[in-house]
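Asks: I would like the atomic coordinates for the input below:
(one chain, ligands or ions: 2)
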Amino acid sequence: MSLSGTRLDVMRFVGEKIDVSMDEFLRPADTNWQPSDFLPDTTKESFLEEVKLLRESTRELSYDYVAVLVGDTITEEALPTYESWLMDMEGVEQENPHGWSRWIRSWTAEENRHGDLLNKFLYLSGRVNMRAMEVSTQYLIADGFDIGTGKDPYRNFIYTSFQELATNVSHRRTATLAKQAGCNQLSKICGVIASDEMRHAKAYKDFVNQIFAVDPSEMMLAFEDMMRKKIVMPAHFLRETGVKLGQTFSHFSDAAQRLGVYTTQDYIDIADSLLVDWKIDSIAELNDAGQRARDYLMALPSRLRRVADRTKVPTLEYPFSWIAG
Ligand SMILES: [Fe+2]
Ligand SMILES: [Fe+2]
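Replies: Ligands and ions are numbered 1, 2, ... in the order given. Just a heads-up that it's a prediction; the model follows:
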């Protein structure tokens, strides 16, 4: 897929205002939260006692819950894949310290804290077979993935808008469930990550909005194309040792559905919210193809809802290699 001159012009145009977006949607490192703010301090006398309390606090977390949290962590840990994917978008100049490459690097730097924090917490919890989890992480990064965007920034920004909202939902729900299980520290951890994801979602949605303002038909076609393909979660490519590709994800996804951490209904709600946020129904100056794409998109949530009503989530618990004991 090679881009038209228009797309490159649009990327340049939107990229010129990136410093404003950085100030609005990202936080400076010195004042931003860091993983150690939420973990026992190894330099303190009280460290071992705090670890003991941490371990006790995770006892009530269910099997499905721990499995989902491990899957979430691995997904966050595959950040090198996402950064390299975004850096490869047309309109991004790696050697340019400003503009889009600056955005992608700074976004990556914020995201990097998520896997770091969750990984350390899980390590201390004693609930996880860390080696199995680490193997899955290595697999996910080594395998890479194809999310159906190509090098097209329009498709990539649809993907990241969706993905940031999806991770916001799932981290928010794991925060709530942790609190219900009496694990306040983990609840805070998931909550603070969820709020990062929301800030990032706002940024990517803003980029799409800006593109809609100058290149509405092409942006609409990109949105339609991504939704026709379905937004594939990075976790889709999860693997465990000796398990066939695709199986680990489907069990992870079933566990997330059973817990209500991320469901088919959430997928539809996110699609719906994007239609509203981008005011898809009232975007002007669409060509014929753009109009047809809009018609498809506007009808999508209700069509997905009809299918979702008929699908059942399996109750079977699957023995993930990630869970200790
Ligand atoms: Fe994240
Ligand atoms: Fe994110």
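Asks: who's in contact with residue 168?
Replies: By CB atoms under 8 Å, 6 or more residues apart in numbering, the residues touching residue 168 are 194, 195, 197, 198, 201. The C-beta positions use only the backbone N, C-alpha and C, and glycine is treated the same way.
Asks: And it, which helix or strand is it part of?
Replies: helix 153-180 (DSSP states H and E).
Asks: tell me what the next helix or strand after that helix is packed against?
Replies: Per DSSP H and E, helix 153-180 leads on to helix 184-214 as the next helix or strand towards the C-terminus. Identification of packing neighbours for helix 184-214 by 3 or more CB pairs under 8 Å, 6 or more residues apart in numbering; DSSP states H and E yields helix 5-15, helix 18-25, helix 47-57, helix 99-125, helix 153-180, helix 216-229, helix 264-277.
Asks: Could I get these in JSON lines, plus columns for mean pLDDT and distance to ligand 1?
Replies: JSON lines is the format used below for the helices and strands packed on helix 184-214 (pLDDT from 0 to 100; distance: least, CB to the ion, whole Å):
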{"stretch": "helix 5-15", "mean pLDDT": "91", "distance to ligand 1": "23"}
{"stretch": "helix 18-25", "mean pLDDT": "91", "distance to ligand 1": "14"}
{"stretch": "helix 47-57", "mean pLDDT": "98", "distance to ligand 1": "22"}
{"stretch": "helix 99-125", "mean pLDDT": "97", "distance to ligand 1": "4"}
{"stretch": "helix 153-180", "mean pLDDT": "98", "distance to ligand 1": "5"}
{"stretch": "helix 216-229", "mean pLDDT": "97", "distance to ligand 1": "20"}
{"stretch": "helix 264-277", "mean pLDDT": "97", "distance to ligand 1": "16"}
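Asks: Could you identify which of these is most buried?
Replies: helix 153-180 (a mean of 23; mean count of other CB atoms under 10 Å).
Asks: coming back round to it: using PyMOL, define a selection of the buried residues within the contacts of residue 168.
Replies: Selecting the buried subset of the contacts of residue 168 in PyMOL, with 16 or more other CB atoms under 10 Å as the burial test, is done by:
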select buried, resi 194+197+198+201
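Asks: Next, format the contacts of residue 168 as CSV and append distance to residue 177 and pLDDT.
Replies: Output for the contacts of residue 168, formatted as CSV (distance: CB to CB, whole Å; pLDDT from 0 to 100):
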residue, distance to residue 177, pLDDT
194, 12, 98
195, 17, 98
197, 17, 98
198, 18, 98
201, 21, 98
